[in-house]
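# Generate coordinates for the sequence data below:
(one chain, ligands or ions: 1)
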Amino acid sequence: MIDCVHGRRLVVAIDGPAGAGKSTIAGELARALGYVLLDTGALYRAVALAAQQQGVAWDDTEGVARLAVRLARADELRLEPAPHGVRVVLFGDDVGAAIRTAEMSMGASRVSAIPGVRAALLELQRATGRQGGVIAEGRDIGTVVFPSADVKFFVTASIEVRAERRCAELLARGERADLQSVRAEVIARDRQDSERSVAPLRHADDARLVDTSGRTVSDIVAELRRIVETAAR
Ligand code: DC
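This is a model prediction of the structure:
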C-alpha cells in the first residue's frame, strides 16, 4: 500500500525472547508510525486460555491443534484494532487481562510448540500483514511468518534485565512474583521457545540486533522509527 506523505507502508518484523521489551517497543512504534500492531504472542496465549476453558490439556497435542484450527476458522479468535494496540477477542470476550498471567505465559509457550497450532495461526497472522503498515511482534516473524518483511529487528536484553522487567510487570498487575522464580521462568521459557523443533526463536540472518539493556524506550523507538521511515522512502 502506498502512502503519499510517509512513503510505502511496510511490514516490520520484531522478534526476540520474553521480557526483552519487544511488546512495549512494538506498541510505541506502531503508534508513532500509525501502523497496526500484530501481537502474535497474544494469539498463542489465547489458544492456551481457550484450551484451559474447554478442558483440553496443554500437552494434548492433537486436541489443542484441533481447537486452534476451529478458533481460527470460525473466527472465534480475533485481534481487533483498539486505541492502545489490539484487543484480543476469544469467543466474543475481550481476554486481554486473562491471557497476561504467568500461568498463561507458560501455557502459551507449551501450546506454541505444537506444529498444528502454529499452522492454524499462520494464515491469521499473514492476513493481517497483507495490506502492509503492520508491526508484527513474536518469535518467528522474520523467519517464518513474514520472511520477506521489509524491515526486521531482533530485540533482546540481558537475562537480569529481562527477569527484572517481567517481575515488575507482574507486580504492577497485582500478581505475586519474586525475582528468583521469575528469572527461572524466563530461562525455562527461553529454552522451550529456542529448542522446539518447529519455528524456534532464532535471530534471522537479515534482522538488525537491538539490545535494550540500559536504554530507554523512547530512545529505542526513535532509532527504530528512523530506520523504518528510511526504508519506506
Ligand atoms: O510474546 P509473548 O510472551 O506474549 O509470547 C507467549 C509465548 O508464545 C512465548 O513463550 C512463545 C510463544 N510465541 C511463539 O511461539 N511465536 C510467536 N510468534 C509469538 C509467541
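
# State the mean pLDDT of stretch 224-233.
Stretch 224-233 shows a mean pLDDT of 97.

# How much space separates residue 133 from the ligand?
Counting by CB to the nearest ligand atom, to the nearest Å, the separation of residue 133 from the ligand is 19 Å. (Each C-beta comes from the backbone N, C-alpha and C, glycine too.)

# Does that residue touch residue 35 like I think?
Yes - here residue 133 reaches residue 35: they are 4.8 Å apart, a contact under CB atoms under 8 Å.

# any residues in contact with both of those two?
Between them, residue 133 and residue 35 share these contacting residues under CB atoms under 8 Å, 6 or more residues apart in numbering: residue 9.

# Mind listing what's buried along stretch 25-32?
Within stretch 25-32, the residues scored as buried using 16 or more other CB atoms under 10 Å are 25, 26, 27, 28, 29, 30, 32.

# Looking at the residues you listed, which one is closest to residue 117?
Lowest distance from residue 117 to these (CB to CB) belongs to residue 26, with 21.7 Å.

# Find the residue closest to the closest one in space, skipping its chain neighbours.
Leaving aside its sequence neighbours, residue 26 sits nearest to residue 137 (CB to CB, 6 or more residues apart in numbering; 3.9 Å).

# Strand partners (parallel or antiparallel) of the helix or strand containing the one you found?
Residue 137 is located in strand 134-138, with elements delineated by DSSP states H and E. Taking DSSP bridges as the criterion, strand 134-138 forms sheet pairs with strand 11-15 (parallel), strand 36-39 (parallel).

# Moving C-terminal from that strand, which element do we reach first?
Using DSSP H and E, the next helix or strand after strand 134-138 towards the C-terminus is strand 151-156.

# How about the next helix or strand after that following strand, which residues are buried there?
Going down the chain from strand 151-156, the next helix or strand is helix 159-172, by DSSP H and E. For helix 159-172, the buried set under the neighbour-count rule, 16+ other CB under 10 Å, comprises 161, 162, 163, 164, 165, 166, 167, 169, 170.

# Double-check residue 40 against residue 134; I have them as touching.
No - in this structure residue 40 lies outside contact range of residue 134 using CB under 8 Å: 11.0 Å.

# Could you report the neighbour count for the residue nearest to residue 26?
Counted by other CB atoms under 10 Å, the residues lying close to residue 137 total 26.

# how about the strands in the protein?
In the chain, the segments counted as strands under DSSP state E are 2-3, 7-8, 11-15, 36-39, 77-82, 85-90, 93-94, 134-138, 151-156, 208-211.

# Give me whichever of these is most buried.
strand 11-15 (a mean of 29; mean count of other CB atoms under 10 Å).
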